[in-house]
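[1] A predicted structure for the sequence below; I have some questions about it.
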Amino acid sequence: MPTRRLTRPVIAALALSLALAGCTSSVGVSGDYTGSGDGDYTSGDGTTQFFAPENRGEPIVFEGTTENGDTVSSDDLAGQVALVNFWYAGCGPCRTEANDLNGLYDDYSAKGVVFLGVNIRDDAATARSFEKEHAVEYASILDVQDAAVTLAFAKPAPPSTTPTTFLLDREGRVAARFTSAIDPRVSVVSAMIDDLLAEK
């Protein structure tokens, strides 16, 4: 598949838009998540969205290189529920949610949920340092050079702030998006993962 080459101004604009919107501490859910059976769900402040299966659009297609030099693509997630977290080391809310992401990883990786980070700003050494400090057990794609993964998510549900966490269903479609840190909403994330695992 041909790779779309981005010009420097496009990459710079993407990075600037994420940086300006990023590291917000505005979090929370207005209303309760009651499951995916009755359609879409969006919290009152827009920080949580859940998309009913008929509204999830096309599967996300992406490929990138991790901080350890491994290639990861959407093909590696095929047939599995996945959590994808956009972050970078200097982002305060990314630090506050790290323990909760680790807890979700401990709870759900054994159930077949794939966890993947997407680092939008750092080099490999900086990413590895953060992961060591916060005991992160899953890999991250380094997306700083061409923002290819960010662009792949931009059409269905853009990662408009940092951190942003996505849940993908088994078909690789965006099923949920959490803007800002997830630490006050871990139970909601967990409930949504449970619903995705239960989907046929």
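    Perfect, I can see it now.

[2] quick one: contacts for the nearest residue to residue 103 once chain neighbours are set aside?
    Excluding its sequence neighbours, the residue lying closest to residue 103 (CB to CB, 6 or more residues apart in numbering) is residue 186, at 7.0 Å. The way it works is simple: take the backbone N, C-alpha and C, and place the C-beta from them, glycine included. Contact analysis of residue 186 by CB atoms under 8 Å, 6 or more residues apart in numbering lists 100, 103-104.

[3] between these, which has the most around it?
    Neighbour counts for the contacts of residue 186 peak at residue 104, which has 21 neighbours (criterion: other CB atoms under 10 Å).

[4] thought that one was touching residue 191?
    No - with contact defined as CB atoms under 8 Å, residue 104 does not reach residue 191; the gap is 11.6 Å.

[5] mind checking which of the contacts of residue 186 are in strands?
    Per DSSP state E, strands hold no members of the contacts of residue 186.

[6] closest to residue 73 out of these?
    Taking CB to CB as the measure, residue 73 lies nearest residue 104 of these, at 22.4 Å.

[7] now render the contacts of residue 186 as CSV, adding pLDDT and distance to residue 94.
    Conversion of the contacts of residue 186 to CSV gives the following (pLDDT from 0 to 100; distance: CB to CB, whole Å):
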residue, pLDDT, distance to residue 94
100, 97, 11
103, 97, 15
104, 98, 15
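
[8] just these: which are in helices?
    Mapping the contacts of residue 186 onto helices (DSSP state H) picks out 100, 103-104.

[9] would CSV of the residues you listed with distance to residue 199 be doable?
    As requested, these are arranged in CSV below (distance: CB to CB, whole Å):
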residue, distance to residue 199
100, 23
103, 23
104, 18
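
[10] what secondary structure does the residue nearest to residue 103 sit in?
    In three-state terms, and counting by DSSP: H, G, I helix; E, B strand; the rest coil, residue 186 is helix.

[11] measure it to residue 178 for me?
    Using CB to CB, to the nearest Å, residue 186 is found at 10 Å from residue 178.

[12] same check, this time on residue 122
    Applying CB to CB, the value for residue 122 to residue 178 is 21 Å.

[13] neighbour count: those two, which is higher?
    When residue 122 and residue 178 are compared for neighbours, residue 178 comes out ahead with 25 against 21, by other CB under 10 Å.

[14] so that one touches residue 47, yeah?
    Yes - using CB under 8 Å, residue 178 is in contact with residue 47, at 6.6 Å.

[15] what sits in contact with each of those two?
    Counting by CB under 8 Å, 6+ apart, the shared contacts of residue 178 and residue 47 are residue 185.

[16] what sits against residue 106?
    Residues in contact with residue 106 (CB under 8 Å, 6+ apart): none are found.

[17] with only the CA atoms kept, save whatever helix or strand it lives in in CSV.
    Residue 106 belongs to helix 98-108 when assigned by DSSP states H and E. Extracted as CSV, the C-alpha positions of helix 98-108 are listed here (Å, rounded to 0.1, in the frame of the first residue of the first chain):
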residue,chain,number,x,y,z
ALA,A,98,-0.4,6.2,33.6
ASN,A,99,-1.2,4.1,36.7
ASP,A,100,-4.9,3.7,35.6
LEU,A,101,-3.8,2.6,32.2
ASN,A,102,-1.5,0.1,33.8
GLY,A,103,-4.3,-1.2,35.9
LEU,A,104,-6.6,-1.6,32.9
TYR,A,105,-3.7,-3.4,31.2
ASP,A,106,-3.4,-5.8,34.1
ASP,A,107,-7.1,-6.4,34.1
TYR,A,108,-7.7,-6.9,30.4
